[in-house]
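A.B. asks: I would like the atomic coordinates for the input below:
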Amino acid sequence: MFVRAYLRASTQDQDANRAEGQLKAFAAERGLKIASWYRENESGTKLDRPELFKLLSDAQEGDVLLTEQVDRLSRLDEADWKKLRATIDAKGVRIVALDLPTSYQLMGSDAGSFTGRVLEAVNGMLLDMLAAIARKDYEDRRRRQAQGVVKARAEGKFKGRPENVGRNAGIEGMLTSRMSWSDIQAATGCGRATIAKIVKRMKDQKAA
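C.D. replies: Down below sits the predicted model:
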């Protein structure tokens, strides 16, 4: 059994390594060694996460996917969560999350035994519940943010996030020199949405 740790943050501005110490301490308390780390800055609402699927590709049956919280693994909608669960189940990977205490017991149980099957059933139900709660929390926050923007606009207070003029000018230059989007992201720390907006603006300016 290999323990494979998964660390995720939503944006380039957040630290995906923030929970590394907690995962190391958790493993050390149980006499386990984390065999490999998978880190990425991607939204939990996206099914397409390269490092998560690299972990699943590397994993063997019985390996543990260790993560800080279920919401680090998923803020997916129901359909995408079912796809991810199906992939994880097909690989025979055991999910252990620090905010899901029942998952701890899976590491020491025999999956084929009666106790192991009961634990897997209970844990699977709780895992689905926490994934649904994580999605609802995401949707609630997005709705409150949108309501706040509408209210601020109505009151004449909303100005939006100020543009990083210097960085965006640099991105324009990189695009002009045909640098790849991935290289631009690595160089500037921006997201793909930012690059897409600048590409559109450059096209609009050419068309004007």
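
A.B. asks: drop to CA atoms for contacts and neighbour counts, all remaining ones
C.D. replies: OK.

A.B. asks: mind showing which ranges of this protein have poor pLDDT?
C.D. replies: Scanning the chain for pLDDT under 70 picks out 12-13, 108-112, 116, 158-161, 208.

A.B. asks: helices or strands up against the helix ranked longest in it?
C.D. replies: The longest helix of the chain (DSSP state H) is helix 114-154. With contacts taken as 3 or more CA pairs under 8 Å, 6 or more residues apart in numbering; DSSP states H and E, helix 114-154 sits against helix 70-73.

A.B. asks: so what does the helix it packs on touch, helix or strand wise?
C.D. replies: When contacts are defined as 3+ CA pairs under 8 Å, 6+ apart, helix 70-73 sits against strand 3-9, helix 114-154.

A.B. asks: quick check: angle from the following helix or strand past the first one to strand 3-9?
C.D. replies: On the C-terminal side of strand 3-9, the nearest following helix or strand under DSSP states H and E is helix 20-29. On the basis of axes from the mean of the first three to the mean of the last three CA atoms, to 10 degrees, helix 20-29 is oriented at 160 degrees to strand 3-9.

A.B. asks: Show me what counts as buried in helix 20-29.
C.D. replies: 20, 23, 26-27 (16 or more other CA atoms under 10 Å).

A.B. asks: so how far is it off the chain centroid?
C.D. replies: Relative to its parent chain, helix 20-29 has a centroid offset of 19 Å by CA atoms, centre = their mean, to the nearest Å.

A.B. asks: How about stretch 36-51?
C.D. replies: Using CA atoms, centre = their mean, the offset of stretch 36-51 from its chain centre is 5 Å.

A.B. asks: before we move on, what about stretch 166-178?
C.D. replies: Using CA atoms, centre = their mean, the offset of stretch 166-178 from its chain centre is 28 Å.
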